[in-house]
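> just a sequence and a predicted model for now, questions to come.
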Amino acid sequence: MVLVGSNKGNIYVTKSFLPDIRIYESYVKQIFESCQLTNQGNLLKELESKLSQYLDINNFHYVTNGTIALQIALKALDIEDGEIITTPFSYVATTSAILWERCKPVFVDIEPNNFTIDVEQIESAITEKTKAIMPVHVFGYACNIDEIQKIADKYNIKVIYDAAHCFGSKYKGKSLLGFGDISTCSFHSTKLFHTIEGGACIVKDKTISDKLELIKRFGHQGDEHYCLGINAKQSEFNAAMGLSNLPYIEEIIAKRKYISELYDRELLGYIQRPKQQENLEYNYAYYPVLFKNETELLKVFEELNKEGIYPRRYFYPSLNKLPYLKDKFDCPISEDISSRIACLPLYYELSNDDVIKISKTIRECVR
Ligand SMILES: *Cc1c(COP(=O)(O)O)cnc(C)c1O
């Protein structure tokens, strides 16, 4: 984000939702009265329970962010080295979490309709060193969950979904956060549901869930030390923001749907969009559009920037092109999509007039 001088009136790709300040204040008052600021406090427990209920999932762990969620997921599944099959089309944290845990990311290209990992290409990337598959339900679109599970079962490897974009998305009537051995989520301020910073692990197996519970608080309970751990505990102030935002969630998703459909009408025939998925109830987390090529994308960005409008190149570059990777992978589809995809501004407060203005500028550039 370029913040030169005043950014007032500018339109960025997103704007954090903020609840009525009185709701947040009433939670802060509770924190001041209890004087418990962190360490699995009451508000954290309340948020974990409300989110489990809202999403209808078990073994839900609220943690400090979506990146540490991926890292402790690997730890809880005892994946300490080896190869992880993953997608090149995601935010950098998917790959960096793998590298940070001393594993090797093995990139498998994406399919062009929804930009998720191409299941047809997973098996040929499996070796005796493969420990897990880490796909991403990118933009809140569902991966081919059934096929991925079949492959994982066949080769006895784990599945960790980076479901950072999935809050509110449902696949075959169930939250998209509830699949694989572990799914992780992010509640960063830029995400659809946020707790300023925050994340989650949703664990299928109760034993692994109990282990993750220990790992996230230094591996011990009282004076009893069980395993290597880290600090992934979240504070009461973050939980308070989550509790304040949660009552608005349906309204937030409905508004995003409305804006997305307005863009659809304004931009029909001018840009390419992902394919609608049959079994998916979408959360409208993002509004990705594909331009004909990078030149067209850059021209649109230049014109929009002149009006103080800043869409983002989500996701660019294709992660197999990160400069600090040791191994080379060819992912032609991901590289092509990355070069010409952008997410348009989409947030609760975005006005009809702004959507119409953004769309008009795009139409004039690409016609
Ligand atoms: C935001 C994001 C993350 C990281 O989450 P943080 O809470 O910012 O650490 C991981 N993966 C994807 C796909 C993301 O978009």
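Received it, and whenever you're ready, just let me know what you need. Numbers count the residues shown, from 1 in each chain.
> which one of the residues in this structure is closest to the ligand?
G66 (2.6 Å; Cβ to the nearest ligand atom). The C-beta positions use only the backbone N, C-alpha and C, and glycine is treated the same way.
> any idea how far A342 is from that residue?
Computed as Cβ to Cβ, to the nearest Å, the G66 to A342 distance reads 22 Å.
> strands of the stretch 201-350 of the chain, residue ranges please.
220-221, 224-225, 280-281, 288-290, 309-310, 341-343 (DSSP state E, counting those that start in this stretch).
> would you confirm that the residue of the chain closest to the ligand contacts A93?
Yes: under the criterion of Cβ atoms under 8 Å, G66 makes contact with A93 at 6.6 Å.
> residues shared between the contacts of the two?
162, 164 (Cβ atoms under 8 Å, 6 or more residues apart in numbering).
> ends of stretch 325-345, how far apart?
31 Å (Cα to Cα, to the nearest Å).
> er, stretch 320-330 I mean
7 Å.
> same check on stretch 240-250?
18 Å.
> close to the ligand, is stretch 183-201?
Yes: for stretch 183-201, a contact with the ligand is found by Cβ under 6 Å from any ligand atom, at 186, 188, 199.
> put the alpha carbons of that stretch into CSV.
Only the C-alpha atoms of stretch 183-201 are listed here, as CSV (Å, rounded to 0.1, in the frame of the first residue of the first chain):
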residue,chain,number,x,y,z
SER,A,183,-7.6,-26.8,8.0
THR,A,184,-6.2,-23.4,9.0
CYS,A,185,-7.7,-20.0,8.7
SER,A,186,-6.6,-16.3,9.0
PHE,A,187,-8.5,-13.6,10.9
HIS,A,188,-6.2,-10.8,9.8
SER,A,189,-7.7,-7.4,9.4
THR,A,190,-7.7,-7.7,5.6
LYS,A,191,-9.8,-10.9,5.8
LEU,A,192,-13.6,-11.2,5.6
PHE,A,193,-14.0,-12.0,9.3
HIS,A,194,-11.2,-10.5,11.5
THR,A,195,-9.9,-10.2,15.0
ILE,A,196,-7.2,-7.6,14.0
GLU,A,197,-4.6,-10.3,13.9
GLY,A,198,-5.6,-13.9,14.4
GLY,A,199,-6.0,-17.4,12.9
ALA,A,200,-7.2,-20.8,13.6
CYS,A,201,-6.5,-24.5,13.3
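> now do the buried residues in it.
183-189, 191-201 (16 or more other Cβ atoms under 10 Å).
> swap in stretch 236-253?
Within stretch 236-253, the residues that count as buried by 16+ other Cβ under 10 Å are 236-246, 248-249, 252-253.
> now the residue of the chain closest to the ligand. Nearest residue, chain neighbours left out?
Nearest residue to G66, sequence neighbours excluded (Cβ to Cβ, 6 or more residues apart in numbering): S186, at 2.7 Å.
> show me what contacts that neighbour?
With Cβ under 8 Å, 6+ apart, S186 has these contacts: 65-67, 69, 164-165, 198-199.
> same check on K206?
Contacts for K206 (Cβ under 8 Å, 6+ apart) come out as N59.
> make it 10 Å
Contact analysis of K206 by Cβ atoms under 10 Å, 6 or more residues apart in numbering lists 58-59.
> any idea how far it lies from A163?
For K206, the distance to A163 - Cβ to Cβ - is 20 Å.
> how about E48?
17 Å.
> more crowded one of the two?
Taking other Cβ atoms under 10 Å, E48 and A163 do not tie; A163 has more neighbours (30 against 18).
> skipping adjacent residues, who's closest to the more buried one in space?
Per Cβ to Cβ, 6+ apart, closest to A163 is S183, 4.4 Å.
> write out the residues of the protein neighbouring the ligand.
65-67, 90-91, 93-94, 136, 162, 164-165, 186, 188, 199.
> so which of the residues you listed belong to strands?
By the criterion of DSSP state E, membership of the residues of the chain next to the ligand in strands covers 162, 186, 199.
> pick the one among those closest to I358.
Using Cβ to Cβ, S186 comes nearest to I358 of these, at 25.5 Å.
> so the closest one bridges to which residues?
S186 has the following beta-bridge partners by DSSP bridges: G199.
> quick one, what contacts N293?
Neighbours of N293 in contact, by Cβ under 10 Å, 6+ apart: 299, 336, 339-340.
> what do you get for E281?
Counted by Cβ under 10 Å, 6+ apart, E281 has contacts 142, 168-176, 253.
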